[in-house]
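>>> Coordinates only, no sequence provided:
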């Protein structure tokens, strides 16, 4: 399949869509996944932020195995006529919930917003305009933190804002810059290409509060791989605010999230290969993080005592993430060899390792077939 095969409009336009009227832009459905009634207020705020923009054909709210939340939302006329509330039709977890939303969508573009995020005016219009370029198969929006305490913790470096699900120093800031994968709190894909490659893989991603992730990374690699010449772009004018609770600004959460990210990256690299699975991380580790350490130490020399803490957090974060990656690779190798039960601490991680092993086998088989056709 080529990029042009996915075009859903009779007019084969190219470009950014800046000169097109709203009616000429590709339609978009918005998918919001939620798993607990404890975040119902944030969820309703997220829904309203999309409905108020009057850009979405439909807003699909997917409730991930929470009967209480589903009962509270189902039939609530105050949500608006374009809001559909459905239950996750698959296994519990963010991947299954997102796939359920994609199956309920009908528009050519599906945009995803976290249930604790709030879309700023123009968020969805910018996504639709980006997808007017038929080469764009996905987008990532800019995710700004909304701290519960009102300010970023002094010790937390901007280079590690991905820990709390937000845009971080090191992401491209030029409009429409090509990226490997978006941040899940604000992203979009062409619906049909995403479905053609199987959607989001079960075993990857969060289940409740378990801080695994990278399901959007793995999916983005497959979507681009299925469409030669396609690209995923970073949008600077598609912005959301992402609520960061106090519980996610602790050293304990930072440590757990870094370890989990390393394990998740090992699964992605195992499935897609290290070239694609770690392409963005190489530049981040070799260029962004050293610059962050020097910047933090420079701040300390100018009297900012927290600068030393930020420098230390960068070093610690890299060490923890690398350690999690090595653990994940070791467990993946054991799973592939069938050498006993993996020693991961959670059943979620065990399932993810098995999925990664299966995906690696599938990628190898596809590569062998491609070599055989040459």
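Arrived safely, thanks for sending. What you see is a predicted model, and the numbers here were worked out from it, not measured in a lab.
>>> check contacts around the residue positioned nearest the centre of the chain.
Nearest residue to the geometric centre of the chain (CA atoms, centre = their mean): residue 184, 2.3 Å. Residue 184 makes contacts with 94, 112, 114, 165, 213, 215, 216, as judged by CB atoms under 8 Å, 6 or more residues apart in numbering. For the C-beta atoms, the positions are set from N, CA and C on the backbone; glycine is no exception.
>>> And this protein, what are its domain boundaries?
3-249, 277-372 (automatic domain parsing).
>>> and stretch 73-86, which residues are buried?
Neighbour-count burial for stretch 73-86 flags 73, 79, 83, 84, 85, 86 (criterion: 16 or more other CB atoms under 10 Å).
>>> Nearest residue to the second one in space, please, no chain neighbours.
For residue 79, ignoring the flanking residues on the chain, the nearest one in space by CB to CB, 6 or more residues apart in numbering is residue 47 at 6.1 Å.
>>> so what does the helix or strand where that neighbour lies touch, helix or strand wise?
Using DSSP states H and E, residue 47 sits within helix 40-51. Counting contacts by 3 or more CB pairs under 8 Å, 6 or more residues apart in numbering; DSSP states H and E, helix 40-51 packs against strand 28-34, strand 58-63, helix 67-73, strand 109-114, strand 117-119, helix 123-130.
>>> got a list of contacts for that helix?
Contacts of helix 40-51 (CB under 8 Å, 6+ apart): 30, 32, 34, 56, 59, 61, 69, 72-73, 79-80, 82-83, 113-120, 123-124, 243.
>>> buried set for that helix?
40, 42, 43, 44, 45, 46, 47, 48, 49, 50, 51.
>>> How far away from the center of its chain is that helix?
Taking CA atoms, centre = their mean, to the nearest Å, one finds helix 40-51 lying 19 Å from the centre of the chain it belongs to.
>>> and that helix with helix 123-130, angle?
If you take axes from the mean of the first three to the mean of the last three CA atoms, to 10 degrees, helix 40-51 sits at 50 degrees to helix 123-130.
>>> quick one, helix 40-51 and strand 58-63 angle?
160 degrees.
>>> what about helix 40-51, average pLDDT?
The average pLDDT within helix 40-51 is 97.
>>> what's the answer for stretch 222-239, then?
95.
>>> one step back: now the contacts of residue 184 as CSV including distance to residue 312?
Formatted as CSV, the contacts of residue 184 follow (distance: CB to CB, whole Å):
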residue, distance to residue 312
94, 31
112, 34
114, 29
165, 22
213, 24
215, 30
216, 29
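>>> what about stretch 194-208, average pLDDT?
79.
>>> start the count at 41, not 1, going forward
Got it, first residue is 41 now, which makes that one stretch 234-248.
>>> Give the pairing partners of the strand ranked longest in the chain; include direction for each.
Ranked by residue count under DSSP state E, the longest strand found in the chain is strand 271-284. Partners of strand 271-284 in the sheet, by DSSP bridges, are strand 157-159 (antiparallel), strand 176-187 (parallel), strand 217-219 (antiparallel).
>>> for the lengthiest helix in the chain, the distance to its chain's centre please.
The longest helix of the chain (DSSP state H) is helix 346-377. Here helix 346-377 is found 20 Å from its chain centre; the criterion is CA atoms, centre = their mean.
>>> Now do it: which elements does it pack against?
helix 291-312, helix 329-341, helix 387-412.
>>> same question for the second one, mean pLDDT?
Confidence over helix 329-341 (mean pLDDT, whole number) is 98.
>>> Any buried residues in stretch 356-367, and which?
The neighbour-count check on stretch 356-367 (16+ other CB under 10 Å) flags 357, 358, 360, 361, 362, 364, 365, 367 as buried.
>>> go on, stretch 125-141?
By 16+ other CB under 10 Å, the buried positions in stretch 125-141 come out as 125-126, 128, 130, 132-141.
>>> Off-centre distance for that stretch?
Using CA atoms, centre = their mean, the offset of stretch 125-141 from its chain centre is 15 Å.
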